[in-house]
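Novice: Got a predicted structure plus its sequence, pasted below:
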Amino acid sequence: QVQLVESGGGLVQAGGSLRLACAASGRTFSSNTMGWFRQAPGKEREFVAAITWSGGTTYYADSVKGRFTISRDNAKNTVYLQMNSLKPEDTAVYYCAERRYYSGTVYYVNDYGYWGQGTQVTVTS
């Protein structure tokens, strides 16, 4: 069993920055790919970014590429999402998730087996 707890969300003006953190507990953290997703009101949950267990490979949605950076600290069992140049359309609840070991991709909700409770990010214009 894995528990994931997100933090760092809040209210920010357009152009501002936030850093989200996801703390994992329960068992070995470092062996799995971790991802961030987001869900805006009335919309489906969508992929934002993912990072392999070593941190050597990262993946980003086109909508955040160049603005967001995912990273991880396996010693602290924590994955981060640095969000810069935020836009109102980035407003959503952000979730971190642990990918299932047998999943072949990183982009879909069903690729992930454990989820955090989410943290709200609101970007005002």
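Specialist: Happy to help now that I have it. Bear in mind that the values here come from a model prediction, so they are computed numbers and not experimental data. Residues are numbered from 1 along each chain as shown.
Novice: burial of the spatially closest residue to Gly16 that is not a sequence neighbour, as a residue count?
Specialist: The shortest distance from Gly16 to any non-neighbouring residue, by Cβ to Cβ, 6 or more residues apart in numbering, is to Leu86 (5.4 Å). Where you see a C-beta, it was placed from the backbone N, CA and C, and this is true even at glycine. Neighbour count for Leu86, taken as other Cβ atoms under 10 Å: 22.
Novice: Surely Leu86 and Val123 touch.
Specialist: Yes. With contact defined as Cβ atoms under 8 Å, Leu86 reaches Val123; the gap is 4.6 Å.
Novice: Please report how far the residue nearest to Gly16 lies from Tyr101.
Specialist: Distance of Leu86 to Tyr101, computed by Cβ to Cβ, to the nearest Å: 33 Å.
Novice: still on that earlier bit, identify the contacts common to Leu86 and Val123.
Specialist: Residues touching both Leu86 and Val123 by Cβ atoms under 8 Å, 6 or more residues apart in numbering: Val12, Ala14, Gly16.
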